[in-house]
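> Based on what follows, work out the 3D shape:
(3 chains)
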Amino acid sequence: MAYWLMKSEPTVFGIEHLQQRDVALWDGVRNYQARNFLRQMKKGDMAFFYHSNCKVPGIVGLMMIEREGYDDPTQFDPHHAYFDPKSSLAKPRWTGVDVRFVEKFQDTLSLNTLRAMPELADLPLVRQGNRLSLMPVSDQQWQVIWAHCKR
DNA sequence: GCCAACGTTGGC
DNA sequence: GCCAACGTTGGC
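Numbers count the residues shown, from 1 in each chain, chains lettered A, B, ... in the order given. Below you'll find the model as predicted:
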């Protein structure tokens, strides 16, 4: 089983949305590096839910990969914000996964706190200027983060 | 709202 | 294939 961290803007799709829906498609990833990670995800993998572009960016909860990578349907829909005219049913470009809500933490584990953990120095999230929207988390990194999550 | 950092696009 | 211009991300 592998571990991941996945970013989303809470005004677009936050942990509360996932909590309400229980299972949701993680769509809209339009970056090849991130897409390739999506394709590596396996059912049962665990992922931290990270809120970005908000007042207190940080880890807010836990989810599980429910369904492995399949064609992100939004790429085909010309009326959708995530539409990609260069993609087609014959040659789809983008992948989504289904994620299942597991829990919401009592407090946000803020980016500032994460940056203060020396064990996370190699995590792309804490590096300056990083824009990768989802990334693998090593076993050791996971343990360190998990120990700080208020449950 | 600002803007640095980054990825993508497209002319050449 | 280079690289300037452009658009986007995301912390602050």
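
> contacting residues for A:Leu18?
Taking Cβ atoms under 8 Å, 6 or more residues apart in numbering, we find A:Leu18 in contact with A:24, A:49, A:61, A:63, A:99, A:101. Glycine gets a C-beta too; all of them are placed from N, C-alpha and C.

> Now restrict the residues you listed to buried residues only.
A:24, A:49, A:61, A:63, A:99, A:101 (16 or more other Cβ atoms under 10 Å).

> The second one against A:Gly61, yeah?
Yes. Applying Cβ atoms under 8 Å, one finds A:Phe49 in contact with A:Gly61, separated by 4.4 Å.

> okay, and the common contacts of these two?
Residues touching both A:Phe49 and A:Gly61 (Cβ under 8 Å, 6+ apart) are A:15, A:18.

> And the helices in chain A?
For chain A, the helices defined by DSSP state H cover A:10-13, A:15-21, A:32-40, A:111-115, A:139-146.

> Render the CA-only coordinates of the first one in CSV, please.
Looking back up the chat, that one is helix A:10-13. C-alpha atoms of helix A:10-13 as CSV (Å, rounded to 0.1, in the frame of the first residue of the first chain):
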residue,chain,number,x,y,z
PRO,A,10,-11.5,24.3,-0.3
THR,A,11,-13.7,26.8,-2.1
VAL,A,12,-13.8,24.5,-5.1
PHE,A,13,-13.7,21.1,-3.4
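
> in chain A, what residue is nearest DNA strand B?
As assessed by Cβ to the nearest atom of the strand, DNA strand B sits closest to A:Gly129 within chain A, at 2.1 Å.

> Let me see the backbone angles for that residue.
phi 70, psi 10 (degrees, to the nearest 10).

> Okay then, goodbye and thanks.
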